[in-house]
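Asks: Provided below are the primary sequence and the corresponding predicted coordinates.
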Amino acid sequence: GKPLYYISEATDITSQKEADAKIRESEERYRILAENSRDVIWKIDMKGRYSYVSPSVFELRGYTPDELMGQSLTEIVGQDALGFVRDKFDTSLKDFNENHRMSSDYVEVEQLRKDGTKVWTESTTKMLLDENNQPIGYIGSTRDISARKAVESELNKGRELLRELFVESASFIESDAIDYQKISDRVRRISGARSCSFNLYEENGQEFSTVAISGIETIQATLRSIFGYNLLGKKWKYDPAREKAIGQQVLTRFDSLADLSGTVLPGAVINYIIKRFKLGEAWVLQISRKDKPVGDFTLVFDSDKTLLNRELLGLYASQVGLYVERVNYEKALKESEEVYRNLVERIPDGVYKSTHYGKFLNVNPGLVQMLGYESEEELLGINILSDLYLQISDRDDVRAKKGTNLMSVFPVKKKDGTMIWVEDHGWYNKDKHGKIISHEGVLRDITQRMADEEALRQNEEKFRLMFQYNPQPMFIYDLETLEFIDANLAAITHYG
């Protein structure tokens, strides 16, 4: 009964250990990304209750992740939006059950905050499956779009205002693009001022920089010799007396430039300028957004002149404030996109890596779905130049823009040959010698946005035609010189 020897079997599990390590490393990487992203990353079960939510939810809704565990859809979006959200999930589940297709959904909805207020959010969601390919919930990311919604609302209000003021303001209101010099010129012309300086405040709301000047072209050399620097581009120090005098007023009058300049410039120099150029009163037209000053127009008048068109100036300043806010918003949005572009596998946007010669090296599921391919392997096998771009020139244009780190917009072909518009946030990876070794970037389907913008352009054209073909004579004229700038067809026909 004494054992003579032992028999054992050994199995090499090195590959399994390495695979487990890679899985843990991947999970840790995504956990770090989720917990440090400004977007809220979350998971919910099929009943709509949270099973995971990233810490950034506190900034969005005022709850800690622990407080949200088990929270219902009604508690997340409120009763008003509950039906809309449930319909989205039901449609997704039906599509999966009937077509075995997993689609990514995009939802804009107001969510409830802990303090009872609501916040506009944008969410992208995708179904989660278990090991038996059965739905167990959804994963998604949510971001705060309150600023964008507010901007869109203000833009809509602004466009209504522009239509009402079309005849009076058509000479100084143009497109959405901001041209500081043109804006300064318009304000000077509307106000009747001798000179106008357009100033934008720094983030702290105190110091400001002069971004455009109008009306002093003939005396700039004299002013440069007096001040010792160019006024354009000058960054001015904070002046508490000036801030106190202006307060929250849209328009503030000063008896003279000396009263406005305070301690910022030497009194003797200001008095010399007033005498030399026979200057009178000065006005500050403040540009504000949500009761926060973002800039102003400083207007100086000849000694025998005063401010004109106050109401129109106030309306125009409001419009300029909207544009400034939008530019700042878009700048912040572009910067924030850098944070999210490494969330490759979890986002519905298309993420890619390709060679410089037109072959994909890596693509994410979002890009596969966006372009209508069956699998990542199928998409990796295409020729980007012939199978993706509509024209070779589109590829060349994208290459040129990537060289300057600019966003590109262009059309691409899906697998079935249909066209979609995409926005490409791309960059080059280079070796130590500066040679391009690969392209990386994020593609977003903006087909609907392009259609909306085209519809907006068509609407604006309709309003232009309303003026041109109105049966009543209509004119646009310069308020300062009373010279006609434009007239519609009825006016030309009637008056010859």
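Replies: Perfect, I can see it now. Numbering: from 1, shown residues only.
Asks: roughly how far apart are I436 and L361?
Replies: I436 sits 13 Å away from L361, going by C-beta to C-beta, to the nearest Å. Using the backbone N, CA and C atoms, a C-beta is placed for each residue, glycine as well.
Asks: revised request: answer the last question for F198.
Replies: 48 Å.
Asks: those two: which is more packed in?
Replies: The neighbour comparison of F198 against L361 (other C-beta atoms under 10 Å) goes to F198, with 25 against 12.
Asks: would you say the more buried one is within a strand?
Replies: Yes - counting by DSSP: H, G, I helix; E, B strand; the rest coil, F198 is found in a strand.
Asks: was I right about it contacting R186?
Replies: No - at 10.1 Å, F198 does not count as touching R186 under the criterion of C-beta atoms under 8 Å.
Asks: anything in contact with each of those two?
Replies: Residues within reach of F198 and of R186 at once, by C-beta atoms under 8 Å, 6 or more residues apart in numbering: there are none.
Asks: skipping adjacent residues, who's closest to G350 in space?
Replies: Once flanking residues are discounted, G350 sits nearest to L367: 3.0 Å by C-beta to C-beta, 6 or more residues apart in numbering.
Asks: who's in contact with E376?
Replies: 363-365, 368.
Asks: nearest to A258, of those residues?
Replies: N364 (63.4 Å; C-beta to C-beta).
Asks: in this structure L479 contacts N309, no?
Replies: Yes - between L479 and N309 a contact is recorded at 7.0 Å, counting by C-beta under 8 Å.
Asks: so what's in contact with these two at the same time?
Replies: Common neighbours of L479 and N309 (C-beta under 8 Å, 6+ apart) are I190.
Asks: which of the contacts of E376 tops the neighbour count?
Replies: V363 (25 neighbours).
Asks: looking at that one now. What's its pLDDT?
Replies: On pLDDT, V363 comes in at 89.
Asks: ok, now W120?
Replies: Note for W120: predicted pLDDT of 91.
Asks: run a quick neighbour tally on it.
Replies: 17.
Asks: one more: D105?
Replies: D105, neighbours per other C-beta under 10 Å, totals 18.
Asks: next one: the closest residue to it other than its chain neighbours from L93, what distance?
Replies: Once flanking residues are discounted, D105 sits nearest to T125: 4.8 Å by C-beta to C-beta, 6+ apart. Applying C-beta to C-beta, the value for T125 to L93 is 12 Å.
Asks: on the three-state scheme, the residue sitting nearest the centre point of the chain is what?
Replies: Central residue of the chain (C-alpha atoms, centre = their mean): E330, 2.7 Å from the mean position. Following three-state DSSP, the label given to E330 is helix.
Asks: then G233?
Replies: coil.
Asks: quick one: mean pLDDT over stretch 294-304.
Replies: Per-residue pLDDT values over stretch 294-304 give a mean of 92.
Asks: got the CA coordinates for that stretch in PDB?
Replies: Output in PDB follows, covering the C-alpha atoms of stretch 294-304 (Å, rounded to 0.1, in the frame of the first residue of the first chain):
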ATOM      1  CA  VAL A 294     -17.500  90.500 -22.800                       C
ATOM      2  CA  GLY A 295     -16.400  93.800 -24.500                       C
ATOM      3  CA  ASP A 296     -17.400  97.300 -25.500                       C
ATOM      4  CA  PHE A 297     -17.200 100.000 -28.100                       C
ATOM      5  CA  THR A 298     -15.600 103.200 -27.000                       C
ATOM      6  CA  LEU A 299     -17.000 106.100 -29.000                       C
ATOM      7  CA  VAL A 300     -15.500 109.600 -29.200                       C
ATOM      8  CA  PHE A 301     -17.300 112.500 -30.800                       C
ATOM      9  CA  ASP A 302     -16.400 115.800 -32.300                       C
ATOM     10  CA  SER A 303     -17.200 118.700 -30.000                       C
ATOM     11  CA  ASP A 304     -20.300 119.600 -31.900                       C
END
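Asks: so what's the gap between it and the chain middle?
Replies: For stretch 294-304, the separation from the chain centroid amounts to 31 Å (computed by C-alpha atoms, centre = their mean, to the nearest Å).
Asks: in it, what's buried?
Replies: 294-301 (16 or more other C-beta atoms under 10 Å).
Asks: elements contacting the helix or strand harbouring A258?
Replies: A258 is part of helix 257-261 when elements are defined by DSSP states H and E. Contact partners of helix 257-261 among helices and strands, from 3 or more C-beta pairs under 8 Å, 6 or more residues apart in numbering; DSSP states H and E: helix 267-277, strand 279-289.
Asks: the ones you listed: lowest mean pLDDT?
Replies: Lowest mean pLDDT within these: helix 267-277, at a mean of 83.
Asks: next up, phi/psi of R143, please.
Replies: Phi and psi for R143, reported as degrees, to the nearest 10, are phi -130, psi 160.
Asks: just to check, it is in contact with T124?
Replies: No - with contact defined as C-beta under 8 Å, R143 does not reach T124; the gap is 9.1 Å.
Asks: any idea of the pLDDT on I173?
Replies: If you check I173, the pLDDT there is 44.
Asks: same check on I13?
Replies: Here the pLDDT value assigned to I13 is 60.
Asks: and E378, by the same measure?
Replies: 94.
Asks: before we move on, what about T124?
Replies: If you check T124, the pLDDT there is 85.
Asks: residue contacts, it?
Replies: Contacts of T124 by C-beta under 8 Å, 6+ apart are 104-107, 140-141, 347-348.
Asks: show me where pLDDT drops low in this protein?
Replies: Residues of the chain meeting the criterion pLDDT under 70: 1-37, 154-155, 157-177, 205, 218-219, 262-264, 331-346, 392-406, 496.
Asks: what about 50?
Replies: For the chain, applying pLDDT under 50 flags the ranges 23, 26-27, 29-30, 32, 34, 158, 161, 164-165, 167-174, 341.
Asks: please identify the helix or strand for the nearest residue to N429 once chain neighbours are set aside.
Replies: Spatially, and ignoring its direct neighbours in sequence, N429 is nearest to S438 (4.6 Å; C-beta to C-beta, 6+ apart). Taking DSSP H and E as the definition, S438 sits inside strand 436-445.
Asks: quick one: buried residues of that strand?
Replies: Result for strand 436-445 [16+ other C-beta under 10 Å]: buried residues 439-445.
Asks: then stretch 90-98?
Replies: Residues of stretch 90-98 classed as buried: 92, 96 (neighbour count, 16+ other C-beta under 10 Å).
Asks: then it to CSV, C-alphas only?
Replies: Taking Å, rounded to 0.1, in the frame of the first residue of the first chain, the C-alpha atoms of stretch 90-98 are listed here in CSV:
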residue,chain,number,x,y,z
ASP,A,90,-37.8,50.1,-27.5
THR,A,91,-36.9,50.9,-31.1
SER,A,92,-33.3,49.8,-30.5
LEU,A,93,-34.4,46.5,-28.9
LYS,A,94,-36.9,45.8,-31.6
ASP,A,95,-34.3,46.4,-34.3
PHE,A,96,-31.9,44.0,-32.5
ASN,A,97,-34.6,41.3,-32.1
GLU,A,98,-35.9,41.5,-35.7
